[in-house]
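1. return a 3D structure for these sequence lines:
(one chain, ligands or ions: 1)
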Amino acid sequence: KKKSVLVVGGAGYIGSHMVRQLVEAKWNVVILDNLSTGSRQLVHGGQLVQGRLGDVGLLDQLFSDHDVAAVMHFAAFSQVGESVDQPLKYYRNNLAETINLLDAMVRHRVLRFIFSSTAAVYGEPEAIPITENHPRQPTNPYGNTKLAVERMLADCDAAFGLKYAALRYFNAAGADPSGEIGEMHDPETHLIPIVLKAASGHINNIQVFGTDYPTTDGTCIRDYVHVNDLAQAHLLALNALFDGGASAVYNLGSSSGYSVKEVIRIAERVTGKKIPVVEGPRRLGDPAVLVASSEKIKNRLGWVPVYDDLEKIIRTAWNWHLKQIS
Ligand code: UDP
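-> Numbers count the residues shown, from 1 in each chain. Model prediction:
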């Protein structure tokens, strides 16, 4: 049997870009996805198994049928606001289901794991840029579930020798330049896809959440990182585990921050459209500034992001958006 990577959530936004790179790197890829937020449309390659992480029988069958060398886990709910209103939905999916997955891995002696974590584990930052040892004080259930999994992973390493990389994403954005896969959430809550919908006239305007933050133009500053650069970092982290590397936690960001108004201005330049803006109140739980230090993964694993400015990132998102609406 050829060795496989099991990609849980491989039919989602980031997972589908990961699958593409694994296939390019000649890995045999098995995707487990319940298609609750993912889509068949995003699966180009790999073998899709539609099912739930809660289905222990299915997990046993997957690990018996395939020679799984490592697991990558992208299957989580990720909307902060929703997690505040429906915390148990988040604990069930993001935490309890991950317990099932790790339990099956340990039973089948699959001991390499790459985990999608988040900048939300830091909460309100005490210093910018944020390094990996910044205190973890999530301010919402979503961040709590991700931090709980990180802690569970450390405990599983100590108990079972499970080797893992937890990758704390800042703002994932952009799409594969092929235009075949990209961001597709329903409802869409992320800034860049919403801005592009406003540019193409699919919505009337973009509402800016808060213009009274202590930043240069009063709007929130975020660190946008291209989804293919994220996927590349996962491959490096995976290879480091195969080389016998220790478990590690890494930030993934571009190390530069853009305000919401700057994002809109750059999107206007990329699309050539005037984007109608409405200024609204702050969104609950939004820190003013989130910018990563990604020096650790650059230094240790040689990660080199290709999409080093926001215009390049938005260009790929616009390419995907135009294909979606045509
Ligand atoms: N944002 C906004 N209007 C929108 C969606 C987002 O002003 O319709 C702002 C949001 O307040 C934040 C930034 O854009 O400061 C990025 O938000 P997003 O939801 O894309 O990512 P998050 O930072 O929450 O992970």
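2. where does the stretch 1-150 of the chain get nearest to the ligand, which residue?
-> Val80 (5.9 Å; Cβ to the nearest ligand atom). All C-beta atoms are positioned from the backbone trio N, CA, C, and that covers glycine.
3. repeat that for the chain.
-> Cys220 (3.1 Å).
4. let me see the contact set for Leu42.
-> When contacts are counted by Cβ atoms under 8 Å, 6 or more residues apart in numbering, Leu42 touches Ala11, Gly12, Tyr13, Gly15, Ser16, Ile181, Met184.
5. count the neighbours of the fifth one for me.
-> The number of residues packed around Ser16, counting by other Cβ atoms under 10 Å, is 32.
6. could you count how many residues lie near the residue of the stretch 1-150 of the chain closest to the ligand?
-> 20.
7. Phe209 is in contact with that one, correct?
-> No: between Val80 and Phe209 there is no contact under Cβ atoms under 8 Å: 11.8 Å.
8. list the residues that contact the residue of the chain closest to the ligand.
-> Per Cβ under 8 Å, 6+ apart, neighbours of Cys220: Phe209, Gly210, Tyr213, Ser259, Val260, Asp286, Pro287, Ala288, Val289, Leu290.
9. same thing with Ala240?
-> Ala165, Ala248, Arg300, Leu301.
10. wait, a strand at Val23?
-> No: with DSSP: H, G, I helix; E, B strand; the rest coil as the criterion, Val23 is located in helix rather than a strand.
11. how about it: what's its closest non-neighbour residue?
-> Spatial nearest neighbour of Val23, excluding adjacent residues (Cβ to Cβ, 6 or more residues apart in numbering): Gly45 at 4.2 Å.
12. wait, that neighbour sits on His17?
-> No: the pair Gly45 and His17 fails to qualify as a contact (Cβ under 8 Å) at a distance of 11.6 Å.
13. output the below-cut-off pLDDT ranges for the chain.
-> 1 (pLDDT under 70).
14. now with 50, please.
-> Counting by pLDDT under 50, not a single residue of the chain qualifies.
15. let me see the domain layout of this structure.
-> The record's domain parsing of the chain by automatic domain parsing lists 3-172+224-252, 175-223+255-325.
16. ranking the ones you listed by burial, who's on top?
-> domain 3-172+224-252 (a mean of 20; mean count of other Cβ atoms under 10 Å).
17. that one: end-to-end distance?
-> 27 Å (Cα to Cα, to the nearest Å).
18. what of stretch 124-132?
-> 14 Å.
19. again with stretch 79-96
-> Per Cα to Cα, stretch 79-96 runs 17 Å from first to last residue.
20. who touches it?
-> 54, 75-77, 120, 140-143, 145-146, 148-149, 152, 189, 283-285.
21. what's the offset of it from the middle of its chain?
-> 16 Å (Cα atoms, centre = their mean, to the nearest Å).
22. do stretch 73-89 as well
-> That offset, for stretch 73-89, works out to 13 Å (Cα atoms, centre = their mean).
23. quick one, what contacts the closest residue to Asn34 other than its chain neighbours?
-> Excluding the flanking residues, the one nearest Asn34 by Cβ to Cβ, 6+ apart is Arg52, at 4.9 Å. By Cβ under 8 Å, 6+ apart, Arg52 lies in contact with Asn34, Leu58, Glu97.
24. so what does Ile114 look like in phi/psi?
-> Main-chain torsions, Ile114, degrees, to the nearest 10: phi -120, psi 130.
25. quick one: secondary structure of the residue nearest to it when sequence neighbours are not counted?
-> Among residues not flanking Ile114 along the chain, Met72 sits closest, at 4.4 Å (Cβ to Cβ, 6+ apart). Here Met72 is recorded as strand under three-state DSSP.
26. give me the element Val49 is part of.
-> Taking DSSP states H and E as the criterion, Val49 maps to strand 47-50.
27. and the helix or strand encompassing Gly143, C-alpha only, in PDB?
-> Gly143 is part of helix 141-160 when elements are defined by DSSP H and E. Extracted in PDB, the C-alpha atoms of helix 141-160 (Å, rounded to 0.1, in the frame of the first residue of the first chain):
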ATOM      1  CA  PRO A 141     -15.400  30.000  22.300                       C
ATOM      2  CA  TYR A 142     -13.800  29.500  18.900                       C
ATOM      3  CA  GLY A 143     -10.400  30.400  20.200                       C
ATOM      4  CA  ASN A 144     -11.000  28.400  23.300                       C
ATOM      5  CA  THR A 145     -11.700  25.200  21.300                       C
ATOM      6  CA  LYS A 146      -8.500  25.700  19.300                       C
ATOM      7  CA  LEU A 147      -6.400  26.300  22.400                       C
ATOM      8  CA  ALA A 148      -8.000  23.200  24.000                       C
ATOM      9  CA  VAL A 149      -6.900  21.100  21.100                       C
ATOM     10  CA  GLU A 150      -3.400  22.500  21.200                       C
ATOM     11  CA  ARG A 151      -3.200  21.500  24.900                       C
ATOM     12  CA  MET A 152      -4.600  18.000  24.100                       C
ATOM     13  CA  LEU A 153      -1.900  17.600  21.500                       C
ATOM     14  CA  ALA A 154       0.900  18.400  23.900                       C
ATOM     15  CA  ASP A 155      -0.600  15.900  26.400                       C
ATOM     16  CA  CYS A 156      -0.800  13.200  23.600                       C
ATOM     17  CA  ASP A 157       2.800  13.800  22.600                       C
ATOM     18  CA  ALA A 158       3.800  13.200  26.300                       C
ATOM     19  CA  ALA A 159       1.600  10.100  26.600                       C
ATOM     20  CA  PHE A 160       1.800   8.500  23.200                       C
END
